[in-house]
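Engineer: Next comes the sequence, and after it the predicted model I'd like to discuss.
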Amino acid sequence: MIRVFIVDDHPVIIEGIHSLLQNEKDIEWAGHAMNAQSCLGFFVNNSADVVLMDISMPEMDGVELCRIMKVRYPEIFILGLSTFNQGLYIKKMLENGASGYILKNASRDELLKAIHTINKGGIYFAGEVGEALKAYERASLNKLLELSPREKEILGLIAEGFTNPQIAQKIFLSPFTVDSHRKNLLAKLKVKNTACLIRLAVENKYI
């Protein structure tokens, strides 16, 4: 028996998915929450095997909630649930421990397949979700390829762990100029910090 829980801020989505699953012999409805705090509160004294998790919620979104849930309850499988078929959201959910991602307009058969797949430890994407993720990763690689020779050089040194003053000394620039290059790299590649910058470069086998 697979215990399924859903967190979504739209009652009509909760009711719709509940109705799709209620007659399945191997699925038990564990419950629902309409926001992240209620979800976290539920799991203090309760459990589930699979959590269907909305990406876009007020106060705390599904990406952050996914991260917290996987830290606290690593044995629970999380399936991202969204109207957003965007590579960035898919990538973030995967990075935070989700086992799959499905769109809210998915058919009953697809939803069941996703639940069963991730409950067995697999990864599940609908066809169009997988395509969106590939497109996002291709775009990330293209951004890397568009960097100037100097930016590529500095990115390589950042990835090797050198600080701004150390990089400045190595390539005969001022620390201020190196810092400007670092900030430009973050902006160009649309990442929030140096760790994300390095991960992007490594994931794309650029460094």
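Structural biologist: Yes, it's here. Numbers count the residues shown, from 1 in each chain.
Engineer: where along this protein do the strands fall?
Structural biologist: Using DSSP state E, the strands assigned to the chain run over residues 2-7, 27-33, 50-54, 77-82, 100-103, 124-125.
Engineer: Neighbouring strands of the last one in the sheet, and parallel or not?
Structural biologist: So the one you mean is strand 124-125. Sheet pairing of strand 124-125 (DSSP bridges) gives strand 100-103 (parallel).
Engineer: Quick one: mean pLDDT for the strand it pairs with?
Structural biologist: Average pLDDT, strand 100-103: 84.
Engineer: Please point out which parts of that strand sit buried.
Structural biologist: Buried residues in strand 100-103, counted by 16 or more other CB atoms under 10 Å: Gly100, Tyr101, Ile102, Leu103. Glycine gets a C-beta too; all of them are placed from N, C-alpha and C.
Engineer: What is the nearest of the residues you listed to Ser19?
Structural biologist: Ile102 (16.6 Å; CB to CB).
Engineer: list the contacts for that closest one?
Structural biologist: Leu79, Gly80, Leu81, Glu110, Leu111, Ala114, Tyr124, Phe125, Ala126, Val129 (CB atoms under 8 Å, 6 or more residues apart in numbering).
Engineer: switch the cut-off to 10 Å
Structural biologist: Ile102 sits next to 52, 79-82, 110-111, 113-115, 118, 124-126, 129 when contact means CB atoms under 10 Å, 6 or more residues apart in numbering.
Engineer: Leu40 too?
Structural biologist: Val7, Ala33, Met60, Leu65, Ile68, Met69, Arg72, Tyr73.
Engineer: likewise Ser99?
Structural biologist: 50-51, 70, 76-80, 93, 114, 117-124.
Engineer: And Val63, by the same measure?
Structural biologist: Contacts for Val63 (CB under 10 Å, 6+ apart) come out as 53, 55-57, 80, 88-89, 91-93, 95-96, 98.
Engineer: And Asn46, by the same measure?
Structural biologist: Arg3, Phe5, Ala30, Gly31 are the contacts of Asn46 under CB under 10 Å, 6+ apart.
Engineer: Go again with 8 Å.
Structural biologist: Asn46 neighbours (CB under 8 Å, 6+ apart): Ala30, Gly31.
Engineer: Local confidence estimate at it?
Structural biologist: Looking at Asn46, the pLDDT reads 96.
Engineer: can you check Pro74 too?
Structural biologist: Value listed for Pro74 in the pLDDT field: 95.
Engineer: Near the nearest residue to it once chain neighbours are set aside, how many other residues are there?
Structural biologist: Setting aside the residues directly before and after it, Pro74 is nearest to Gly97 in space (CB to CB, 6 or more residues apart in numbering), at 7.7 Å. Counted with other CB atoms under 10 Å, residues neighbouring Gly97 total 16.
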